[in-house]
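In: no FASTA, just this:
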Ligand SMILES: Nc1ncnc2c1ncn2[C@@H]1O[C@H](COP(=O)(O)OP(=O)(O)OP(=O)(O)O)[C@@H](O)[C@H]1O
Ligand SMILES: [Mg+2]
């Protein structure tokens, strides 16, 4: 059934944006947990743990996110699991975001001079105490701008979940196109919504970055 | 329930995979060249151009960097025909990828150009170097060295991102995977294999970039 | 029993032997000044005493505990051995009070109110009571170094290590830090201090140790050793730093 593109379609697109945001939130949460573990593995004092972290990062950063989505959505079903798009997307995005956040945070941890660890150790603090009271609070300040920057990547990349039928902004755009045959206008609106979400975050991340540079 | 892995059917379709691999490689390499050209021109415009040129480039960069590649791709492949511009899937893919990479390259190259401290340029001047010599030895070479790591990881990301062109039925590696999947029903094996293929590609790219860096920059 | 006992300590970085069989014992209450050319291994030796550097040979013992024994709980040991670094190494994100009370609170479990009183007490000792709520970047170099000393003192260590703690300071700030050091010395603290301030070493130290090429080259009572060096190397070193 073909119909005209109307204002209501625009509202539907805007409404679908909430699933984009929900998926971003889940990906950020899952990715944050994985990323924290990866960052800690990467700064561990045990070499095998560091290798484990490095292998994970290289493997994930060397494969397309699309492959992870397909493996979880189509791949796991053959083991007899029925995987919902939600679950597949949550798993794939956690793995993907975990590698990138892990690398960002590792960089921030390693940007804190070794002498800060030593000063803590010399006062009798253990590894986790040094991490918790001395290193992490300082690294956190450095981590905020690039983490916000990555959030933009994440929002944009949730669009890939459309290909496994996850209904978010891009998928809603495809569906609207199918009924209205106005792909140019529809995708332009979709792009504009993404821009409205991402651009302020990009600017914010830049501002934070600049402030950090001034403060140093 | 146990599942027995079966790669035989999948391997039997190796010609498909190879064909897809070739297109993925072609797309990546051509896009890198075009993206680099856009990046150099755009960065030059951004740093040395007039106010209007600067603004236009900034709008281009921000628009591309704040919207998803797949939407850019859909807009070009599905959207532009209604404006009278019709491309086949491979061409549309190449255009979308180049425009996308171009925007990221501009940012990276611009940052590299702006990172050269004034004092370096002044030092060059006080040594009696001509403007061309200063440009070559004091600005271009050190900034290229500085931006090279960021640029090469952007290139690897781009190579992986080419997989989205399968969604407009360009016959790349990822698209071939879905063809094999529909024939063999070996979903898991197919996508694991394809993921491994991308991983090897990514490693080869990184190796190649490290080699280039070593030969061009590290020995001075 | 000596408080600190180094026996034939060997430390290498790759093929570079930095400590080549160093032996030294320090009695309770002693103040040892360690002097020597740059690169002679002074810092490295100090860092071996509190286990910051693993060693390749010999033994380091503190109060009967073998520091280089893998079974030794270094966290426990370091509660009794304070160290102050050339570059202060204060925690920039914490106020002076938090810098001082962090370790007493999380390592020793001192309750907050008591910890604050402790911070006040050690800050009075270094003459910075009014800076308790300041942040490190609001302090001069000399003040930061005095806070670092106070931070160490707050753990009530049995031994304190000082590694060229005035070298990073502007000349006019050196005096205030040395005065604090003297004060700490007067209270009977056992101290090992690496220093380039020969005059200060002569005045405060009981014993002077001269290190050369990773070896304990010459040692003896401060005035005597500095006044009449027995080896040509120490003589050359002294004439270089004194003139
Ligand atoms: N982490 C390290 N890795 C490799 N070599 C090191 C390291 N730390 C110190 N060294 C080397 O060990 C030697 C002794 O260094 P150390 O810092 O103990 O000297 P120092 O006597 O304290 O000198 P200075 O007066 O300059 O502080 C030097 O040759 C130095 O290059
Ligand atoms: Mg030293």
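Out: Noted; the coordinates are in hand. Bear in mind that the values here come from a model prediction, so they are computed numbers and not experimental data. Ligands and ions are numbered 1, 2, ... in the order given.
In: Report the buried residues of the host helix or strand of residue C:185.
Out: According to DSSP states H and E, residue C:185 maps onto helix C:171-186. Residues C:173-174, C:176-178, C:180-181, C:184-185 are the ones in helix C:171-186 that count as buried (16 or more other Cβ atoms under 10 Å in any protein chain shown). Any C-beta I mention is one placed from the backbone N, CA and C, and that applies to glycine too.
In: Of those, just say which sits nearest to chain B.
Out: residue C:173 (29.8 Å; Cβ to the nearest Cβ).
In: got a list of what the closest one touches?
Out: Residue C:173 makes contact with C:140-142, C:166, according to Cβ atoms under 8 Å, 6 or more residues apart in numbering or on different chains.
In: ok, now with 6 Å
Out: Going by Cβ atoms under 6 Å, 6 or more residues apart in numbering or on different chains, residue C:173 touches C:141-142.
In: Could you report the pLDDT at it?
Out: Note on residue C:173: pLDDT of 88.
In: for the record, mean pLDDT for stretch B:209-219?
Out: Per-residue pLDDT over stretch B:209-219 has a mean of 85.
In: does chain A sit close to that stretch?
Out: No: judged by Cβ under 6 Å from any Cβ of the partner chain, stretch B:209-219 stays clear of chain A, getting no closer than 13.2 Å.
In: would CSV of the buried residues of helix C:171-186 with distance to residue C:46 be doable?
Out: Shown next, in CSV, are the buried residues of helix C:171-186 (distance: Cβ to Cβ, whole Å):
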residue, distance to residue C:46
C:173, 22
C:174, 20
C:176, 23
C:177, 17
C:178, 18
C:180, 19
C:181, 15
C:184, 16
C:185, 17
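In: Show me what counts as buried in stretch A:205-216.
Out: A:205, A:208-209.
In: Make a markdown table from those and add distance to residue A:175 to it.
Out: Listed next are those as a markdown table, based on distance: Cβ to Cβ, whole Å:
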| residue | distance to residue A:175 |
| --- | --- |
| A:205 | 32 |
| A:208 | 37 |
| A:209 | 38 |
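In: Okay, and which of those map to helices?
Out: Per DSSP state H, helices hold the following members of these: A:205, A:208-209.
In: Share the number of residues neighbouring the residue of chain B found nearest chain C, please.
Out: Using Cβ to the nearest Cβ, residue B:218 is the residue of chain B that sits closest to chain C, at 22.3 Å. Residue B:218 has 9 neighbours, counted by other Cβ atoms under 10 Å in any protein chain shown.
In: Also residue A:12?
Out: Other residues near residue A:12 come to 15 when the count uses other Cβ under 10 Å.
In: Could you do the one 5 residues further on as well?
Out: By the measure other Cβ under 10 Å, the count of residues near residue A:17 is 19.
In: now residue A:67
Out: Around residue A:67 there are 26 residues (other Cβ under 10 Å).
In: Can you pull out the residues in contact with the helix or strand containing it?
Out: In the assignment (DSSP H and E), residue A:67 maps to helix A:65-70. Under the criterion Cβ under 6 Å, 6+ apart, residues A:92, A:95-96, A:157, A:160, A:164, B:163, B:191, B:195 lie in contact with helix A:65-70.
In: so where's the chain shaky on pLDDT?
Out: Going with chain A. A:1-2, A:215-216 (pLDDT under 70).
In: Not quite, go with chain C.
Out: C:243.
In: In it, what residue lies closest to chain B?
Out: As assessed by Cβ to the nearest Cβ, chain B sits closest to residue C:14 within chain C, at 22.3 Å.
In: Relative to residue B:131, how far out is that residue?
Out: In this view, residue C:14 and residue B:131 are 46 Å apart by Cβ to Cβ, to the nearest Å.
In: Of those two, which one has the most company?
Out: residue B:131 (11 against 5).
In: Can you name the helix or strand that residue A:157 falls in?
Out: Using DSSP H and E, residue A:157 sits in helix A:136-157.
In: Show me which residues of that helix are buried.
Out: Neighbour-count burial for helix A:136-157, counted by 16+ other Cβ under 10 Å, picks out A:136, A:138-139, A:142-157.
In: returning to what we had before: just the closest of the buried residues of helix C:171-186 to ligand 1, please.
Out: residue C:174 (16.1 Å; Cβ to the nearest ligand atom).
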